[in-house]
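# The following comprises the amino acid sequence and a computationally predicted model.
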Amino acid sequence: MSETGPVRPTTPRQVRPRTEGWTQKKDADGRPLLQFAAPKKGMPPVHLADLTPEQRVEKAKELGLPGFRAGQLEKHYFQHYTSDPAQMTDLPASGRDELVHAMLPPLLTEVRRLETDRGDTIKFLWKLHDGALVESVLMRYPGRITLCVSSQAGCGMNCPFCATGQAGLTRNMSAAEIVEQVVRANRLIADGGLGDPRRVGHADERVTNIVFMGMGEPLANYNRLMQAVRTMVDKKHGLGMSARGITVSTVGLVPAINKLAAEDIPVTFALSLHAPDDHLRDEMIPINSRWKVDEALDAARAYFDKTGRRVSIEYALIKDMNDHAWRADLLADKLNARGRGWVHVNPIPLNPTPGSVWTASEVPVQNEFVRRLNEAGIPTTLRDTRGKEIDGACGQLVATEEDREVAATVPVD
């Protein structure tokens with residue numbers, strides 16, 4: 001008997017992963033289909049946030065204006081969170097609308113928003129220029145405001161327990177579409193949409209933390225992801241956020257993890273592992289057919305060696321599937337074999353669906369899993385996820401049929 005309650009018998013039940021309510025896409029050999037390349041679709045118009053500071057100046061000059069106008073637009077967009085020409089009175093009235101439309105074209109149309117946690121969690125449904133739908137989730141915590149952003153419309157990683165991957169990959173999002181989620185969230189905060197900013201003692205609240213854990217596999221959209229991150233951390237020409245407050249997650253695209261480590265931008269790196277053994281992870285995370293558990297963990301350790309930033313291991317605890325005590329021990333062994341002090345584990349009880357094979361572990365089992373990791377010297381914190389009531393928690397972001405019906409009635413801005 002554990003201090004935290006009863007633990008599993010010596011021969012615990014093993015549930016195998018399977019899809020429910022949908023058919024997993026397979027390749028010609030019957031393996032889960034992985035989509036790395038986005039379908040060829042028209043990307044949105046080029047926006048200020050898609051360009052480097054130098055390219056923004058050149059763009060202004062192409063429009064027949066002095067290059068310094070680009071700096072004025074940057075200030076309006078990244079500091080005042082507006083694309084409204086009427087708010088930009090420092091720009092000449094003649095040609096102002098044309099300049100703003102050319103440099104700050106509309107990207108996201110809000111279809112709906114849902115709130116929970118007494119208004120501290122808000123889920124947005126956005127319609128992109130081509131009708132694709134994505135979601136982001138804004139969450140107020142004590143001392144910080146976190147935005148979970150999407151990097152792709154849909155996802156090509158085909159994980160059977162993640163709602164986002166069921167429809168496959170629609171397309172990559174542009175860098176500006178990624179950044180625009182942050183700007184729109186900051187605008188809502190400034191307008192009091194996340195509660196009166198004065199309630200927390202200052203009126204210049206904004207998003208402090210970004211987690212790339214919305215729709216999509218961030219590292220499968222690598223170049224646009226990194227342009228968005230550079231814009232987020234740029235203190236002179238962007239949002240001026242701290243790189244340490246930005247978390248980039250992946251299910252394990254090893255070559256891209258190595259590229260990220262070489263970027264010299266100290267973002268927090270999170271590996272969505274979910275199983276320490278290849279036998280189970282092959283079924284849960286199809287990318288494991290390309291890069292195995294040990295390869296992903298080696299890349300994660302190399303990220304720490306290169307950046308000095310402690311890596312997060314995300315682990316969804318699923319009843320009778322991956323929550324066995326021996327798997328906690330195996331995970332601890334694999335992490336400790338790569339040294340101490342480089343990693344932190346975040347087990348997250350899966351958001352349960354009534355009657356589904358995919359449901360959260362029982363509380364005593366969760367506690368035993370965490371206890372074993374901590375006892376092995378692995379810093380481990382059981383996480384809860386916000387937004388379950390509005391399908392805004394990890395793995396729940398997906399455009400439903402109801403969402404599509406509502407979006408069809410909303411014209412694109």
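Done, it's in. Predicted model only: the values in this text are computed from it and were never measured. Numbers count the residues shown, from 1 in each chain.

# buried residues in stretch 26-43?
32, 34-35, 38, 43 (16 or more other CB atoms under 10 Å). (Glycine included, C-beta is placed from N, CA and C.)

# now those in a markdown table, with distance to Val211?
Shown next, in a markdown table, are those (distance: CB to CB, whole Å):
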| residue | distance to Val211 |
| --- | --- |
| Pro32 | 25 |
| Leu34 | 23 |
| Gln35 | 22 |
| Ala38 | 22 |
| Met43 | 24 |
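
# And the helices in the chain?
Assigned helices in the chain, in chain order: 53-62, 68-78, 96-103, 175-190, 222-233, 254-261, 278-284, 293-307, 325-336, 363-375, 401-408 (criterion: DSSP state H).

# and Thr89, which of those helices is closest to it?
Distance to Thr89, taken as CB to CB, is lowest for helix 96-103 among the helices of the chain, at 9.0 Å.

# which residues are contacting the closest one?
For helix 96-103, the external contacting residues (CB atoms under 8 Å, 6 or more residues apart in numbering) are 47-48, 56, 59-60, 63, 65, 69-70, 73, 83-85, 88, 91.

# Just among the residues you listed, which is most surrounded?
Leu48 (26 neighbours; other CB atoms under 10 Å).

# Let me see the contact set for that one.
56, 70, 73-74, 77, 103-104, 176.

# change it to 10 Å
Taking CB atoms under 10 Å, 6 or more residues apart in numbering as the contact definition, Leu48 lies against 55-56, 59-60, 70, 73-74, 76-78, 83, 100, 102-105, 176, 179, 231, 237.

# Find the residue ranges of the chain scoring beneath the pLDDT cut-off.
1-11, 196-203, 353, 385-408 (pLDDT under 70).

# That one: strands as residue ranges?
Along the chain, counting by DSSP state E, strands occupy 109-116, 121-127, 133-141, 144-148, 152-154, 169-172, 209-212, 246-250, 268-272, 311-317, 343-349.

# TSV please, covering those and showing distance to Asn288 and mean neighbour count.
Putting those into TSV (distance: least, CB to CB, whole Å; neighbours: other CB atoms under 10 Å) gives the following:
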stretch	distance to Asn288	mean neighbour count
strand 109-116	33	16
strand 121-127	30	24
strand 133-141	26	24
strand 144-148	24	20
strand 152-154	20	26
strand 169-172	18	24
strand 209-212	20	23
strand 246-250	12	21
strand 268-272	11	22
strand 311-317	14	23
strand 343-349	18	20
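
# got CSV for these, with distance to Thr409 too?
As requested, the strands of the chain are exported to CSV (distance: least, CB to CB, whole Å):
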stretch, distance to Thr409
strand 109-116, 9
strand 121-127, 10
strand 133-141, 13
strand 144-148, 26
strand 152-154, 19
strand 169-172, 20
strand 209-212, 30
strand 246-250, 33
strand 268-272, 35
strand 311-317, 35
strand 343-349, 35
